[in-house]
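# I would like to see how this sequence folds:
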Amino acid sequence: PTVLPGLPPQMESPDAPRWPRVGVGVLIVRDGRVLIGKRKGSHGAGQHALPGGKLEWRETWEDCGRREVFEETSIDLTGVPLTYAYTCEAVIDEDNHWITVFMRAEVGTAVEAENTEPDKCEGWQWVQWGQASVPEPRFLPLDIILKDSSYSPVNAPA
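Residues are numbered from 1 along each chain as shown. This next block holds a predicted model:
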């Protein structure tokens, strides 16, 4: 297993206990479409995913979602309701076990995403929600929420 930089020496052992990490994905809805990007440079490279990232120490889901969306897309969600949508567990590979909390925000027609982290994302596009519409391959947490036909961010209350 790989070791995360900066861990205390007692945690660098491959036999040290490990815990799942928490990620926040943001379902940004605009005119009935959801913002999707193609990952690069980390686990899930080449897969389509939502904007989002790691929850930082003592950060709320809402603050994490707003921060990650702004860092990745330059979309400012200040003043935009960001509501809890869904949670899933994904074991992506031997070193990546995540609990993903999905948040939802609805933005106006004029809002556009800018690819502000081109080393981490190939680009952003607005797509219809659904297994037939969201491009493949997909990052596992996105695939999990897509396969649950009981949830749609497009039809969810704002």
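# is it true that Ser149 lies in a helix?
No: assigned with DSSP: H, G, I helix; E, B strand; the rest coil, Ser149 falls outside any helix and is coil.
# centroid residue for the chain?
In the chain, the centroid-proximal residue (CA atoms, centre = their mean) is Gly25; its distance is 2.8 Å.
# and that residue, bridged to which residues?
Beta-bridge pairing for Gly25 (DSSP bridges): Gly52, Phe102.
# what pLDDT does it get?
Per-residue pLDDT puts Gly25 at 98.
# my guess is it meets Gly44, correct?
No: contact criterion CB atoms under 8 Å: Gly25 and Gly44 do not qualify, at 11.5 Å. Backbone N, C-alpha and C define where each C-beta goes, glycine included.
# would you mark the buried spots in the longest helix anywhere in the chain?
Once the chain is assigned using DSSP state H, the helix that runs over the most residues is helix 61-73. Within helix 61-73, the residues scored as buried using 16 or more other CB atoms under 10 Å are 61-62, 64-69, 72-73.
# now, the most widely separated pair of the residues you listed?
Using CB to CB, the buried residues of helix 61-73 span at most 17.7 Å, a distance reached by Trp61 and Thr73.
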